[in-house]
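Give me coordinates for this.
(one chain, ligands or ions: 1)
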Amino acid sequence: MKKIAVIGAGNVGKVLGLALSRQGYALVGTVTRRAETLHAAGELLQCPVYEEPHLASREAEIIFITTPDGIIAEVCQEIADNNGFLPGQVVVHCSGVHSSGILHAAREAGARVLSMHPLQTFPGTEAGLRGLPGTFFAVEGDPEAFPVAEKLVSALGGNVMSIPTEMKTLYHAAACIACNYLATLLDGALRLYQHMDVPGEQAMEALYPLISMTLENIKEVGPEKALTGPIARGDAATIQSHVAELGRSFPGLLPLYRTMGRETVRLALRKGTLDAERAEKIYQYLEGGFAENDGSLFHR
Ligand SMILES: NC(=O)c1ccc[n+]([C@@H]2O[C@H](COP(=O)([O-])OP(=O)(O)OC[C@H]3O[C@@H](n4cnc5c(N)ncnc54)[C@H](OP(=O)(O)O)[C@@H]3O)[C@@H](O)[C@H]2O)c1
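Numbering: from 1, shown residues only. You can find the predicted model right below:
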């Protein structure tokens, strides 16, 4: 199966379309919502453009519905209502949170359905293409279509990772923590540096060796062994001073600092470098020095 259509040529649709066409797949059509993006997508992907999804899907053997998550089911239903699916086709979406079940309208029309989520970030076309090699794709759906998924992922230079359908939401929550929340966390550190009038670029340059070494260590030995710093050392007074100073000069970051601090206490307890007594003290400082530990600290 080599003929593909991309319904929703946004960040992911364009990257998959381009990468697959470079590997010998034939792009037989694409669709976007707006006329101007449709024209640009046609130029980039060098393929026919359609205003109506069912006209593109009829031409293809494999159909990617890469619209925003909230309208995948609706677009799939619209194609089915217009007889845009044919028996034997494979219909794929790339959402991390939804299962292949939301493509039931395609399955009822005789197509096989898959979800194939790239565990990668696609902020734009060039960066997306650079990030593809080695990316894991979480695949779930009709077993008869798995060989198609394996061929697609291999053509994209990626690896297949099988996810039970009922675990997809948790799988996606983990990806969200690892990617999006990491961005939010680092934004917090950068905002503090900006508050001290360190220029944005310099702040990033200064923090980056620390960030990348931490990531390397986590990859090498895991989060427990990679954890360093005042909580891992049991240095409660340092945490007390952080909480007090943040409260004075940057209170907006205190909730994040406290939540991450509590989780870091748990990690340090698991690591074994922090004893229960110091953990209790740090916990109280994180709470502002008043709260009693309700015991939840020592649970998962
Ligand atoms: N971006 C990521 O980092 C990432 C990572 C992993 C998985 N994903 C998944 O990939 C999928 C696509 O995400 P994305 O980030 O590529 O989204 P996106 O950049 O917002 O692109 C969505 C595309 O869908 C088009 N579209 C919207 N409504 C449509 C409709 N009714 N009919 C046809 N096309 C329509 C949009 O057209 P216009 O351009 O005209 O608005 C746009 O081209 C989602 O399921 C997402 O969860 C994304």
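
pLDDT value on the residue in the stretch 1-150 of the chain that the ligand sits nearest to, please?
Nearest residue of the stretch 1-150 of the chain to the ligand: residue 10, at 1.7 Å (Cβ to the nearest ligand atom). In short, each C-beta sits where N, CA and C put it, glycine included. Looking at residue 10, its pLDDT is 97.

For it, list the residues it contacts.
By Cβ atoms under 8 Å, 6 or more residues apart in numbering, residue 10 lies in contact with 32, 37, 66, 67, 68.

can you pull the contacts of the one residue sitting closest to the centre of the chain?
With distances taken as Cα atoms, centre = their mean, the residue of the chain nearest its centroid is residue 175 (4.6 Å). For residue 175, the contact set (Cβ under 8 Å, 6+ apart) comprises 96, 119.

Export whichever strand or helix holds it to CSV, keeping only CA atoms.
Secondary structure from DSSP states H and E places residue 175 in helix 168-176. Below are the C-alpha coordinates for helix 168-176, written out as CSV (Å, rounded to 0.1, in the frame of the first residue of the first chain):
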residue,chain,number,x,y,z
LYS,A,168,-3.7,5.4,25.8
THR,A,169,-4.7,8.3,28.1
LEU,A,170,-2.1,7.4,30.7
TYR,A,171,0.5,7.0,28.0
HIS,A,172,-0.3,10.5,26.7
ALA,A,173,-0.2,12.0,30.2
ALA,A,174,3.3,10.7,30.5
ALA,A,175,4.3,12.3,27.2
CYS,A,176,2.7,15.6,28.3
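
Could you check that helix and say which residues are buried?
168, 171, 172, 175 (16 or more other Cβ atoms under 10 Å).

cool, stretch 154-162 as well?
155, 156, 158.

Look up how far residue 4 lies from the spatially closest residue to residue 50 that is not a sequence neighbour.
Once flanking residues are discounted, residue 50 sits nearest to residue 56: 4.3 Å by Cβ to Cβ, 6 or more residues apart in numbering. Separation of residue 56 from residue 4 (Cβ to Cβ, to the nearest Å) stands at 10 Å.

and for these two, which residues touch both?
28, 63.

Can you tell me which residues in the chain are near the ligand?
Applying Cβ under 6 Å from any ligand atom, one finds that the chain approaches the ligand through 7-13, 31-34, 37, 53, 66-69, 71, 75, 93-96, 117-118, 121-122.

which element is the spatially closest residue to residue 149 that is not a sequence neighbour on?
Once flanking residues are discounted, residue 149 sits nearest to residue 139: 4.6 Å by Cβ to Cβ, 6+ apart. Using DSSP H and E, the element containing residue 139 is strand 136-141.

and the helix or strand that that strand is followed by, how far out from the chain's middle?
Using DSSP H and E, the next helix or strand after strand 136-141 towards the C-terminus is helix 146-155. From the chain centre to the centre of helix 146-155 is a distance of 20 Å (Cα atoms, centre = their mean, to the nearest Å).
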